[in-house]
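K.L.:
here is a sequence together with a model predicted from it:
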Amino acid sequence: MRKCVSGMYASIVSSSSTSFAFGPTDVNFAALPLYHVNSLCYTLMTALMTGGGVALSDRFSASMYFAQVARTGATF
């Protein structure tokens, strides 16, 4: 049996968009690189699906995380 990876991702994106009630006014903050499935599915793809925005950082810093989120206006 072949697994359908794109179908699995579509299901994750659809359910997370609905569960978290993402909308066009939301800005998702990507703390992880976009090649990571969490960042790809929950941050980038949900924003694209709902018309929201994405805030990217050039590198992760635990000490600067909340300042980066506040500066970008991220809501998730």
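P.N.:
Nice, I can see it. Numbers count the residues shown, from 1 in each chain.

K.L.:
count of neighbours near residue 58?
P.N.:
Residue 58: 6 surrounding residues under other C-beta atoms under 10 Å. In short, each C-beta sits where N, CA and C put it, glycine included.

K.L.:
ok so it is a helix residue?
P.N.:
No. Counting by DSSP: H, G, I helix; E, B strand; the rest coil, one finds residue 58 to be coil, located in no helix.

K.L.:
tell me how far residue 22 lies from residue 67.
P.N.:
To residue 67, residue 22 is 23 Å away according to C-beta to C-beta, to the nearest Å.

K.L.:
with residue 51 instead?
P.N.:
For residue 51 relative to residue 67 (C-beta to C-beta), the value is 27 Å.

K.L.:
just residue 74 next, same as before
P.N.:
Using C-beta to C-beta, one obtains 11 Å as the distance from residue 74 to residue 67.

K.L.:
what about the strands in this structure?
P.N.:
27-30, 53-56 (DSSP state E).

K.L.:
can you put these in TSV and add distance to residue 63, mean neighbour count and mean pLDDT?
P.N.:
Converted to TSV, those look like this (distance: least, C-beta to C-beta, whole Å; neighbours: other C-beta atoms under 10 Å; pLDDT from 0 to 100):
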stretch	distance to residue 63	mean neighbour count	mean pLDDT
strand 27-30	16	20	92
strand 53-56	18	18	92
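
K.L.:
out of those strands, nearest to residue 42?
P.N.:
Residue 42 lies closest to strand 27-30 among the strands of the chain, at 7.5 Å (C-beta to C-beta).
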